[in-house]
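> A structural model of the following input is requested.
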Amino acid sequence: ADRLSASAGLYYYDSDRSNASLGGIDSTPLGPGDSFVPAFFAVFATPDPANQPVDSNLTTEEVETFAIFGELSYQLTDRFELAGELRYTDEEKNVDRVLNFTFPGAGPDTATFDYITFRAIGSFQATDDQLYYLSIASGARSGGFNANATLERENSFDEETNITYELGAKTEWLDNRLTANIALYYVDWTDLQIASRSEDPNNIFAVTRNTGDATSVGFEVELNALITDNLRAGLGYAWTNPEFDDGAVDLGLTNLCGTDASICPNGTDVSGKQLGRTIENQFNANLEYQGALAGDWEWYARGDLAWLDKQPVRSANVQFLDSYT
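Alright, predicted model coming up:
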């Protein structure tokens with residue numbers, strides 16, 4: 001209706017899954033006095049692992065999700081627009097851990113997660129070639145259950161939420177021969193979910209737990225230029241600083257940090273540490289040349305270069321994947 005537009009929708013999801021796993025460790029070579037180390041592996045001991053594996057896990061899970069969402073935007077002027085989006089989600093999870101490492105599982109559990117997420121956007125079309133915007137958005141990842149948990153406190157985990165603030169510009173210059181885009185953002189995380197080792201030293205499987213809060217600040221820059229009618233070049237750079245807030249604790253480091261205090265001076269406290277598997281600096285460049293052949297046929301040659309900074313393997317920040325090009 002003139003300056004006003006709206007949309008709405010419904011979402012429904014229904015899932016029933018069962019997960020069974022088998023394991024086997026050949027027990028025939030064991031002699032008198034020999035034993036499996038650690039003792040946990042004795043659970044999988046079988047004289048014929050290929051044909052007689054051991055039932056180690058049996059889990060059934062039901063997930064039912066319902067959501068309603070909508071968007072409303074209003075063109076205040078020919079160049080200034082405001083938009084708002086809202087979504088309500090209701091999710092119910094049921095899990096039955098029938099068997100856990102050949103022992104009776106923790107049994108059935110039910111949990112319901114409901115939350116509201118939103119996004120607000122203000123955009124200003126300064127000229128036909130320059131757009132500036134500001135957005136505030138919230139996100140949520142529902143909680144759930146750890147099917148492989150052997151400790152009661154690791155049976156479940158809570159939902160994770162965040163709010164993201166972004167300020168950016170998308171522009172074109174020199175008669176559209178140069179594109180320059182930039183975005184700055186700030187992400188405020190709450191109850192971050194991380195999958196890592198169980199506190200049970202005999203449990204070799206990962207469990208998901210809430211580690212604490214985190215903050216990420218960063219920006220991204222993109223340049224693309226048409227140097228000649230046939231030659232195009234591009235550059236990109238991204239910087240981000242994702243760190244755990246004060247009081248964040250990663251209990252998945254218990255087995256690692258308990259061996260040597262110098263590895264984790266603060267134990268499992270990861271305050272101020274960089275989030276695992278994140279990259280602080282990234283750079284990319286490309287060059288492309290395009291030419292004409294007979295008729296409507298064309299050819300092009302392109303080269304791409306990318307560089308990624310080192311990244312910590314986990315939140316302890318003592319193991320890193322090297323930077324690479």
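> Tell me how far the helix or strand of the chain at the bottom of the mean pLDDT ranking lies from the chain's centre.
Between all helices and strands in the chain, the lowest mean by mean pLDDT, DSSP states H and E belongs to helix 254-257, at a mean of 81. Mean C-alpha position of helix 254-257 versus that of the full chain (C-alpha atoms, centre = their mean, to the nearest Å) differs by 23 Å.
> for the top strand by length along the chain, packing partners?
If you go by DSSP state E, the chain has its longest strand at strand 103-127. Packed against strand 103-127 by the contact rule (3 or more C-beta pairs under 8 Å, 6 or more residues apart in numbering; DSSP states H and E) you find strand 80-100, strand 130-141, strand 144-145. C-betas here are computed from N, CA, C, even on glycine.
> which of those strands is buried the deepest?
Mean neighbours per residue, mean count of other C-beta atoms under 10 Å, is largest over these for strand 144-145, with a mean of 22.
> now what about that strand, what contacts it?
For strand 144-145, the external contacting residues (C-beta atoms under 8 Å, 6 or more residues apart in numbering) are Glu61, Lys93, Val95, Arg97, Asp109, Ala111, Asn155, Ser156, Phe157, Thr208.
> Report the mean confidence score over stretch 86-93.
Stretch 86-93 comes out with an average pLDDT of 97.
> that older thread, would you turn the contacts of strand 144-145 into JSON lines with distance to Gly276?
Converted to JSON lines, those look like this (distance: C-beta to C-beta, whole Å):
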{"residue": "Glu61", "distance to Gly276": "26"}
{"residue": "Lys93", "distance to Gly276": "26"}
{"residue": "Val95", "distance to Gly276": "26"}
{"residue": "Arg97", "distance to Gly276": "27"}
{"residue": "Asp109", "distance to Gly276": "28"}
{"residue": "Ala111", "distance to Gly276": "26"}
{"residue": "Asn155", "distance to Gly276": "23"}
{"residue": "Ser156", "distance to Gly276": "22"}
{"residue": "Phe157", "distance to Gly276": "17"}
{"residue": "Thr208", "distance to Gly276": "14"}
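> out of those, who's nearest Ser142?
Lys93 (7.5 Å; C-beta to C-beta).
> Make sure Ala45 is actually in contact with Ser27.
Yes. The pair Ala45 and Ser27 passes the contact test of C-beta atoms under 8 Å, sitting 3.9 Å apart.
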